[in-house]
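K.L.:
need coordinates for the following:
(2 chains)
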Amino acid sequence: MTPILEVQHVRKSFGGVVANDDVSLAVPAGKIYGLIGPNGSGKTTLFNSIVGQHPVDGGSIRFAGREITTLRVPQIARLGLLRTFQQTRIYRGMTCLQNMLISVPPAGLGWRSVYLRPSAAEERKAEDLLQFVGLHAKRHLPGGDLSFGQQKLLEFAMALMSQPKMLLLDEPTAGINPTLINGLLERLRQANRDFGITLLVIEHNMRVIMQLAEYIYCLAHGELLAEGKPEEVQKDQRVLDAYLGAT
Amino acid sequence: MKLPAPRELLIPAVILAFGLLAPVLAPSYRGQMAFLWVMIVFALTWDLLGGQMGYNSFGNILFFGVGMYACVVVQRDLHLGYYAALFLGMGVGALLAVAVGALIGSGLLGLRGHYFGMVPPLFPGAVGGRETFFYYLSFALAVVTFPVLRFLYAGRFGLAINAIRDDEDKAEAMGLRTTRYKTTAWCVSAFFLGLMGGVVGNLVGFIDPREVAFAGSTFGVWMVLMAILGGKGTLWGPVLGAAIFHVTKELFWTYLLGWQRVALGLLIVVIVVFFPRGILGWARERWPERFGQRVDEPASEAGR
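P.N.:
Predicted structure coming up:
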């Protein structure tokens, strides 16, 4: 099966610090993959490189059979590759419903749509997805009034609204009430299963990622340290050393 | 499109009636009242960029200046009939302003107004007998500007520029074509300011480059203050702010002559200290439910 996302030999450094060094990974369409690694191992940098936040120093990135290495963020987003942020980002001054309505698939919006109102179908879909993440009752509240965990859910719903082919999730469970994590995981799986969205998830919570992902890449010091099925990675001595600080 | 409820039409109806009857009821105040509508258009067009889109610009006055100069040149040099020249001048001014706005919006132009002051600024014919005409012209402009903006804010354009205000990087990460919306916003703002430039030029009769080209202590700053006073980023805020500001200012100029600038300065301090979010912004914080920000049913379905 050809991968939907293919990262090959990507290198990125900031001044003298090498954040990603010769990183290669591939995610097949329709799967949930995980990306783990200790703090500062270059996971978020890799996400930023993939979505075109900054140019890479070397290597290539392909998405859905297209070279996207030199494309910029909005162009890549319109191809159907979206990311969520570790420090959740929503439109704080707009209501949840408005947050959703402006997140419709942007590729289909022509010039004329600038002057039109969102359609009834779009509003229904926005309400359905808010229901899906459990925020329907708060749909008329400004996004900035929600708790951090709820903002994460809203950001996730916005990403779904945009009907991406693939989602890069940067620590989706960080800051979420532990009792809600299982519900969120179920929704991630549902998004993957029912909407066919491929997921690549950065996660620090080992219990979570071992449950969620079927294949895991582990980064350390900017390099790919190990990869494999969750149970393999879990037992890998190099991974354990990296997390426990052994050299 | 569904029609607004009668209750929502009450305030616009009162304002319309006031605007239409004012010159008849108080003919000697026509000049000041014309400027009330001018101020409202100023505040509305600034708020489009500064409030709704979050681009706190002090350069909007540039469009006004462009419109004013284009209008005077057409009126002076083309030797047409008075009204033909006036309307042609206003149109040319508006189009030029839009062109400048498009350049700024697409990020090609970062300039502010240093390009004025080359034309001998004199408008042909005194306003004199045409004061009522110019009053209604500025009134008509305000009456057109408001619903156009209201229509735009209600659609995807409004959502998009609000998103740009809240987090432009996020909007780009979601694939929104931000440049398209920004360019539209600058052009709409420039269009109405450009039109207004011609009207005000004729009302005043001469152009003081310090007033129309620089972010001086007059229009350029007032348009910002009025929008902030009323509540930036709200539909009615700029209208309310402009009305209060203009009336207060006229009172200062009448009763506190000599101290008017001190009084105006104090007013500005009061606005910034006590109403940093403006009157409507303050009201929205106080009574969020009345502005539609409410929670349905028990809020227990989502975590806190």
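
K.L.:
all contacts plus neighbour counts: C-alpha atoms, from now on.
P.N.:
OK.

K.L.:
would you map the helices across chain B?
P.N.:
B:6-25, B:30-47, B:61-77, B:82-105, B:131-154, B:156-173, B:178-204, B:209-212, B:219-230, B:237-255, B:260-274, B:278-286 (DSSP state H).

K.L.:
run a quick neighbour tally on the closest residue to A:Phe85 other than its chain neighbours.
P.N.:
Counting by Cα to Cα, 6 or more residues apart in numbering or on different chains, A:Phe85 lies nearest to A:Asp170, which is 5.6 Å off, once chain neighbours are set aside. When neighbours are defined as other Cα atoms under 10 Å in any protein chain shown, A:Asp170 has 22 of them.

K.L.:
thought A:Asp170 was touching A:Arg89?
P.N.:
No - look at A:Asp170 against A:Arg89 with Cα atoms under 8 Å: they stay out of range, at 11.4 Å.

K.L.:
one step back: how near is the residue nearest to A:Phe85 to B:Ile11?
P.N.:
Computed with Cα to Cα, to the nearest Å, the distance linking A:Asp170 and B:Ile11 is 48 Å.

K.L.:
what's the spacing between the spatially most central residue of chain B and B:Gly50?
P.N.:
Centrality entry for chain B: nearest residue to the mean C-alpha point is B:Phe42, 2.3 Å, by Cα atoms, centre = their mean. According to Cα to Cα, B:Phe42 stands 12 Å off from B:Gly50.

K.L.:
ditto for B:Pro238
P.N.:
Distance of B:Pro238 to B:Gly50, given as Cα to Cα: 11 Å.

K.L.:
looking at the two, which is more packed in?
P.N.:
B:Pro238 (35 against 22).

K.L.:
skip the chain neighbours and tell me the closest residue to that one.
P.N.:
B:Ala227 (4.3 Å).

K.L.:
do I have it right that the one you found meets B:Val41?
P.N.:
No - using Cα under 8 Å, B:Ala227 makes no contact with B:Val41, being 10.4 Å away.

K.L.:
tell me which of those two has more neighbours.
P.N.:
Counted by other Cα under 10 Å, B:Ala227 and B:Val41 do not tie: B:Ala227 has more neighbours, with 34 against 28.

K.L.:
how far away is that one from A:Gly93?
P.N.:
From B:Ala227 to A:Gly93 the distance is 17 Å (Cα to Cα).

K.L.:
then B:Leu20?
P.N.:
37 Å.

K.L.:
between those two, which one's more packed in?
P.N.:
A:Gly93 (19 against 15).

K.L.:
quick check: that one is in a helix.
P.N.:
No - assignment of A:Gly93 by DSSP: H, G, I helix; E, B strand; the rest coil gives coil, placing it outside any helix.

K.L.:
could you count how many residues lie near the closest residue to it other than its chain neighbours?
P.N.:
Sequence neighbours aside, A:Pro142 is the residue nearest to A:Gly93 in space, at 5.6 Å (criterion: Cα to Cα, 6+ apart). Around A:Pro142 there are 20 other residues, counting by other Cα under 10 Å.

K.L.:
if we can go back for a sec, so which of the helices of chain B comes closest to A:Ala174?
P.N.:
Nearest to A:Ala174 among these is helix B:156-173; the distance by Cα to Cα comes to 19.1 Å.

K.L.:
which neighbouring elements make contact with the longest helix along chain A?
P.N.:
What stands out as the longest helix in chain A, according to DSSP H, is helix A:178-194. Packing contacts for helix A:178-194, counted by 3 or more Cα pairs under 8 Å, 6 or more residues apart in numbering or on different chains; DSSP states H and E, involve helix A:206-212.

K.L.:
10 Å instead, please
P.N.:
Packing partners of helix A:178-194 (3 or more Cα pairs under 10 Å, 6 or more residues apart in numbering or on different chains; DSSP states H and E): strand A:32-36, helix A:148-161, strand A:166-170, strand A:198-202, helix A:206-212.

K.L.:
now the ones you listed in JSON lines, with mean pLDDT?
P.N.:
Compiled in JSON lines, the helices and strands packed on helix A:178-194 are given as follows (pLDDT from 0 to 100):
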{"stretch": "strand A:32-36", "mean pLDDT": "94"}
{"stretch": "helix A:148-161", "mean pLDDT": "92"}
{"stretch": "strand A:166-170", "mean pLDDT": "94"}
{"stretch": "strand A:198-202", "mean pLDDT": "95"}
{"stretch": "helix A:206-212", "mean pLDDT": "89"}
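
K.L.:
need the ones you listed in TSV (columns: distance to B:Phe191).
P.N.:
What follows is the helices and strands packed on helix A:178-194, written out as TSV (distance: least, Cα to Cα, whole Å):
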stretch	distance to B:Phe191
strand A:32-36	50
helix A:148-161	34
strand A:166-170	41
strand A:198-202	45
helix A:206-212	54
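
K.L.:
good, wrapping up.
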